[in-house]
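Asks: mind folding the following:
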Amino acid sequence: MEYYAKSRQKILTQGEIDKVKNELEDLIMNLEGEFTETDLKIIRNNISHLQDTEEEGQKTLKEHQNDIVKCAELFFEEYGEYFTEKEKCLVIEACRMHDWGKANLIFQGLVNSAQVKEQYSDIGRITQIPHGFLSAATISRNEFKKLSELFSEADFRPFITAVYHHHDREDIYEGDEIQEYAAKYYAEQISEYLKKDIKKLYCSNQNKLLYRNNSYACETPIEPKMWEEYLLIKGLPCPFLCTMWSIFMSRKKYSKAFKLRLLKKHNETGISY
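Replies: Numbers count the residues shown, from 1 in each chain. Take a look at the predicted model:
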C-alpha cells in the first residue's frame with residue numbers, strides 16, 4: 001500500500017492568493033529592517049508568482065519525510081556552527097519520524113486513498129487519534145538512545161514531547177485507547193511502512209512528556225534547559241521555519257538565545273506543518 005502525507009494539493013482561489021499576498025507584504029512591512037535587498041527580491045518574486053501555482057502530484061509520506069529531513073540537513077550545512085552535534089541529530093531524527101503516525105488507515109482514508117475507503121465505507125465517522133500521538137508511541141527509549149551515541153536518557157523527554165505535540169491537539173487519549181486504535185488501524189500499516197515488525201506501541205511514553213495538553217494532567221516543574229531543547233526540536237522541523245530562517249533569521253549577528261526566542265514566538269503563533 002502507498003502511504004500519503006496529505007491530500008492532493010488544490011489550486012489556490014483568487015481570495016486565497018490575495019490573502020497570502022497580503023500576509024507576505026505585511027511580513028515585509030513589519031520586519032523590513034531584518035531583510036537585505038536580496039531577501040526582499042526573493043519574497044517579492046514569490047509574491048509575483050503566486051498566480052503561477054499548478055496542481056502537483058499527491059506527495060507520499062516517504063517523499064514528505066525525505067523532504068523535511070533534507071531541509072534540516074541543508075539548513076545545518078549553512079548554519080550548523082550555531083548548534084551542537086547533538087542538537088542537529090535530535091532535530092533530524094524528529095524530522096524523520098514526527099509524521100509516522102500518518103500511516104494509520106483512518107488518516108490515509110481521509111487523504112483520498114480509494115483502497116482504504118473501499119474497506120471502510122464509514123471512515124468519515126471513525127474518530128482519528130492525532131498522528132503525532134501515534135508517532136511518539138512508535139519508538140521506545142532504548143530505540144531512541146540507539147539512534148545516536150550523543151543521545152542520553154534526559155534527551156528522550158523533550159524529543160518525544162516535540163514529536164507528540166508537533167500539532168496543537170487536545171490531549172484526551174490515554175494509553176489503552178491509543179493501543180486499541182493502533183491494533184485496528186496502525187500497527188500493521190506502520191510495520192509495512194517502516195519494514196519492521198511492530199506488534200504494539202510504547203504508550204507509556206506519555207509518562208515521559210514534559211506536559212499534557214488537557215485540563216486534568218498534573219504539572220511538574222521542568223528545568224529551563226529541557227524546555228529549550230524541546231523548543232529547538234519542535235520548532236526546526238517546520239518547513240516554513242527552515243525557509244524563513246535561511247532568508248533572515250540565522251544571520252551571524254543573532255545569538256542562539258535570540259533564535260530560541262524566535263522559536264518561542266513561532267510556537268505561540270501556532271504555525272503548523
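
Asks: leaving out sequence neighbours, find the closest residue to residue 145.
Replies: residue 151 (5.1 Å; C-beta to C-beta, 6 or more residues apart in numbering). All C-beta atoms are positioned from the backbone trio N, CA, C, and that covers glycine.

Asks: contacting residues around the one you found?
Replies: Going by C-beta atoms under 8 Å, 6 or more residues apart in numbering, residue 151 touches 86, 89, 90, 144, 145, 159.

Asks: doesn't it lie inside a strand?
Replies: No: counting by DSSP: H, G, I helix; E, B strand; the rest coil, residue 151 is not found in a strand; it is coil.

Asks: and the strand or helix carrying residue 188, C-alpha only, in PDB?
Replies: Using DSSP states H and E, residue 188 sits within helix 187-194. C-alpha atoms of helix 187-194 as PDB (Å, rounded to 0.1, in the frame of the first residue of the first chain):
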ATOM      1  CA  ALA A 187       0.300  -1.400  13.900                       C
ATOM      2  CA  GLU A 188       0.100  -3.400  10.600                       C
ATOM      3  CA  GLN A 189       0.500  -0.300   8.500                       C
ATOM      4  CA  ILE A 190       3.400   1.300  10.300                       C
ATOM      5  CA  SER A 191       5.200  -2.100  10.200                       C
ATOM      6  CA  GLU A 192       4.800  -2.200   6.500                       C
ATOM      7  CA  TYR A 193       5.900   1.400   6.100                       C
ATOM      8  CA  LEU A 194       9.000   1.000   8.200                       C
END
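
Asks: for residue 60, grab phi and psi.
Replies: Taking degrees, to the nearest 10, you get phi -80, psi 160 for the backbone angles of residue 60.

Asks: list the contacts for the closest residue to residue 186 other than its chain neighbours?
Replies: With C-beta to C-beta, 6+ apart as the criterion, residue 186 has its nearest non-adjacent residue at 4.2 Å, and that residue is residue 104. Residues counted as contacts of residue 104 (C-beta under 8 Å, 6+ apart) are 128, 129, 131, 134, 181, 182, 185, 186, 189, 190.

Asks: mind checking the longest helix of this protein?
Replies: helix 61-79 (DSSP state H).

Asks: quick revisit: got the angle between the helix holding residue 188 and helix 61-79?
Replies: 50 degrees (axes from the mean of the first three to the mean of the last three C-alpha atoms, to 10 degrees).

Asks: and the contacts of helix 187-194?
Replies: 1, 3, 61-62, 100-101, 103-105, 108, 134, 138, 197-201.

Asks: buried subset of the residues you listed, written for PyMOL?
Replies: Here is the PyMOL command that selects the buried residues among those (16 or more other C-beta atoms under 10 Å):
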select buried, resi 3+61+100+101+103+104+105+108+134+138+198+201
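
Asks: that older thread, do you know how far the residue nearest to residue 186 is from residue 63?
Replies: Per C-beta to C-beta, to the nearest Å, residue 104 is found 18 Å from residue 63.

Asks: any idea how far residue 91 is from residue 182?
Replies: 26 Å.

Asks: most neighbours among the contacts of residue 104, please name it.
Replies: Of all the contacts of residue 104, residue 134 has the most neighbours under the rule other C-beta atoms under 10 Å, reaching 30 neighbours.

Asks: so who does residue 229 touch?
Replies: Contacts of residue 229 (C-beta under 8 Å, 6+ apart): 87, 90, 155, 158, 159.

Asks: ok, now with 10 Å
Replies: 86-87, 90, 154-155, 157-159, 161-162, 210, 223, 260 (C-beta atoms under 10 Å, 6 or more residues apart in numbering).

Asks: now swap in residue 157 and tell me
Replies: Per C-beta under 10 Å, 6+ apart, neighbours of residue 157: 141, 205, 207, 208, 209, 210, 222, 226, 229, 230.

Asks: flag every buried residue along the longest helix of the chain.
Replies: 61, 64, 65, 68, 69, 71, 72, 75, 76, 79.

Asks: could you find the closest non-adjacent residue to the second one?
Replies: Across the structure, with C-beta to C-beta, 6+ apart as the measure, the residue nearest residue 64 apart from its sequence neighbours is residue 5 (3.4 Å).

Asks: if I look at residue 229, how far off is residue 217?
Replies: 21 Å.
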